[in-house]
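J.: Just a sequence and a predicted model for now, questions to come.
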Amino acid sequence: MTTTTIANTITPIAVKTPPAPTPARFRFPDPPERELDEAMTNYQYVHLVGSPLHLSRHLGNRDTTLVGADFWLARGPRPGTLGLRCPDLLIAFDVDPAAYFATGGYLISEQGKPPDFVLEVASKSTARVDVDQKPADYAALGIPEYWRFDETGEFHHTRLAGDRLVGDHYEPIPIEELPDGSLQGYSAVLNLYLRAEPGGLGWYDPETGQHIPTFDNERNARLQAESRTEQAEARADSAEARVRELEEENRRLRGE
């Protein structure tokens, strides 16, 4: 009798190493509550007229061009590196707009560069800080242009002012007065003229001399085009009717 021995083979069970936890994304706290006068002026001259959307459409690729407002701006997430400010309008090129909204603000260390442009709108509660403190703060953050708008000039002591970063400090951007009394200055980073004009702040294309497209001027252009079309059709109908009259008169003279 032959005995056969069968060896048992045990296959080791592979143990999966759990993935390393993903570091939590830094997120800014909610922006601070604004004073009523500050909130109203910002709404009136930035949001109500649709400037963020109009600028976003004009400036180009929305995947890499950020036009933001009322969110935090800081150098980095660690204590002592924040330098928190909350600009009324912020524009940055070649950045990640999605990260801006996910983070709840503009984090320079995350975006890899400072914003290119910031604007503050004057109010009684913020005017002194806009003029006396923010220029040094924004220059320290490396922001190429810092602009201020004040419809009446009461709080900033001028209706329009702009500064351009030269080295580690700002130097004033020339502002000219136009024949209608508007004040105008050129933003090199936006390639636009900012204009303090009756009723608010305008953004003008130097190539066309016209305001960048807005809801109102696009609607007016469409209405004007429709009106011209209707007038042309009316003239064509009138000319056709006149031709019929002449043909009828010729037939009558020929005794037809």
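T.: Nice, thanks for sending it over.
J.: Please make it C-alpha for all contacts and neighbour counts, starting now.
T.: OK.
J.: contacting residues for the residue nearest to Ala139 when sequence neighbours are not counted?
T.: Nearest non-adjacent residue to Ala139, counting by C-alpha to C-alpha, 6 or more residues apart in numbering: His169, 5.7 Å away. Applying C-alpha atoms under 8 Å, 6 or more residues apart in numbering, we find His169 in contact with 136, 139-140.
J.: and His169, what are its bridge partners?
T.: Beta-bridge partners of His169, counted by DSSP bridges, are Val166.
J.: In ChimeraX, select just the buried ones from the contacts of His169.
T.: The ChimeraX command for the buried members of the contacts of His169 (criterion: 16 or more other C-alpha atoms under 10 Å) is given here:
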select :139
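J.: Can you tell me which of the contacts of His169 is nearest Asn250?
T.: Among these, Ala139 lies closest to Asn250 (C-alpha to C-alpha), at 82.9 Å.
J.: ok, now how distant is the residue nearest to Ala139 from Arg25?
T.: Separation of His169 from Arg25 (C-alpha to C-alpha, to the nearest Å) stands at 32 Å.
J.: Please apply the same query to His58.
T.: 31 Å.
J.: For the two, indicate the residue with more neighbours.
T.: His58 (14 against 9; other C-alpha atoms under 10 Å).
J.: so of the contacts of His169, which ones are in helices?
T.: 136, 139-140 (DSSP state H).
J.: Show me where the stretch 151-256 of the chain dips below the pLDDT cut-off.
T.: 215-234, 236-239, 256 (pLDDT under 70).
J.: coming back round to it: and of the ones in helices among the contacts of His169, the nearest to Gly112?
T.: For the ones in helices among the contacts of His169, the residue nearest Gly112 by C-alpha to C-alpha is Ala140; the value is 15.4 Å.
J.: so who does that closest one touch?
T.: Neighbouring residues of Ala140 by C-alpha under 8 Å, 6+ apart: 168-169.
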